[in-house]
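Peer 1: Structure for this input, please:
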Amino acid sequence: MTTETGTRGRIVTFYSFKGGVGRTMALANVGWILASGGYRVLVVDFDLEAPGLHRYLQPLLIDADLRSTDGILELVQGYVREVLRPPSEDEPDDEDWLRTWLRPSRYVTGTGLRLPSGGRLDLMPAGRQQVSYAAALTTFNWSRFYEALGGGVFLQALRGRLAEAYDYVLIDSRTGVADTAAICTVALPDVLVACFAYNAQSIEGTATRAQAVRRSAPRPVRVLPTPMPVEDHELERLERARDLARETFAPCLSWLDPDDRERYWGEVEIPFRSFHAYGEIPATVSDRPRDPHTLLAAYERLASWISDGAVTSLAPLPPEERQRLMAAYRTRTPYPDYPSR
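Peer 2: Numbering: from 1, shown residues only. As a prediction, this is how the structure comes out:
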């Protein structure tokens, strides 16, 4: 099941003010769940300073460590070279040159995930993970990209091309308020999944950023505040943190009726599960389907909110395929003594 011809895909940014909340893991699982529903899904690693989205997909990738796979960094570098390239004498004056030049598929790699629904899960990585990556990223001038080289126009063109090619584009954003975080949260998304931990710094920092996005984005952006990972002890403190989060994020949920807000907060918490804290095995592989107490069930509920109820659960893989993938993931984890599940 895919969107009708001519409709545009939904671009969703996963953002957190601070790191370590499980944002990237949530994105990888939600992307897999959406793809299992028959949709074309692209996951984009825009956390350029700390790329790691590919680690949740490594057993599915031909170039598992991305040593020879181009991504976001090579894409923006190529755009800058094209803008600065002197035109040849016989080159036609093409006002639509950017759309002609921009082919994002050159920077996308398939995962090879075999889904019975016919859905697809692709990856646009941060860039080639070679020794030269850090130097290339450090020397890239984002201010010049924006102010002198038409970076804003480029990003809107990229946004349009991705929305034409995919039903859902999930972007893993850098934390904080850096230039690349602004690209991911303001310039690109239709939906902002605002991931936060239940502490004052994370709640207030994430909510401040989310409200700034709502004011400055060039289109309406729906905000989905998402607490993660939630541990169910110290219940008195947990309830105080929940009250603080609901009060602080209230302006971001004005698009919901009051009764729906209560339901929303009851459904979107992502619990802490120790099994998933020590490696990069997706819950889509490790957790038993249809169990309401698993991490997978929490990601399914989040996927439902992102898709307006179009996808409410993971379409299970055939048992032999799930077993094959679990074995492949276990061989790549640094903790090979994971118990079978």
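Peer 1: In a helix, Thr180, correct?
Peer 2: Yes. Counting by DSSP: H, G, I helix; E, B strand; the rest coil, Thr180 is located in a helix.
Peer 1: What strand or helix carries Arg81?
Peer 2: Taking DSSP states H and E as the criterion, Arg81 maps to helix 72-84.
Peer 1: Compute the mean per-residue pLDDT across that helix, please.
Peer 2: Averaging pLDDT along helix 72-84 yields 96.
Peer 1: what does stretch 261-276 give?
Peer 2: When pLDDT is averaged over stretch 261-276, the result is 91.
Peer 1: and what of stretch 31-42?
Peer 2: So the average pLDDT for stretch 31-42 ends up being 98.
Peer 1: Repeat that for stretch 116-130.
Peer 2: 95.
Peer 1: Next: stretch 326-337.
Peer 2: Per-residue scores along stretch 326-337 average to 74.
Peer 1: coming back round to it: can you name every helix or strand that the helix or strand just after the helix holding Arg81 contacts?
Peer 2: Where DSSP H and E defines the elements, the next helix or strand beyond helix 72-84 is helix 97-101. Using 3 or more C-beta pairs under 8 Å, 6 or more residues apart in numbering; DSSP states H and E, the elements in contact with helix 97-101 are helix 151-165. Quick note: C-beta positions are derived from backbone N, CA and C, even for glycine.
Peer 1: Contacts for the helix it packs on next, please.
Peer 2: Residues outside helix 151-165 that contact it (C-beta atoms under 8 Å, 6 or more residues apart in numbering) are 8-11, 40, 42, 44, 75-76, 79, 98-99, 102-105, 142, 145-146, 169, 183, 187-188.
Peer 1: Please pick the buried ones from the residues you listed.
Peer 2: The neighbour count (16 or more other C-beta atoms under 10 Å) marks 9-11, 40, 42, 44, 75-76, 79, 98, 102, 104, 145-146, 169, 183, 187-188 as buried among those.
Peer 1: Which of the residues you listed fall in helices?
Peer 2: Among the buried ones among the contacts of helix 151-165, the ones falling in helices (DSSP state H) are Leu75, Val76, Tyr79, Leu98, Phe145, Tyr146.
Peer 1: Looks like Cys184 contacts Thr175 (just checking).
Peer 2: No. In this structure, Cys184 is not within contact of Thr175 by C-beta atoms under 8 Å, at 10.4 Å.
Peer 1: Which of the two has more residues huddled nearby?
Peer 2: Taking neighbours as other C-beta atoms under 10 Å, Cys184 and Thr175 compare with Cys184 leading, 24 against 21.
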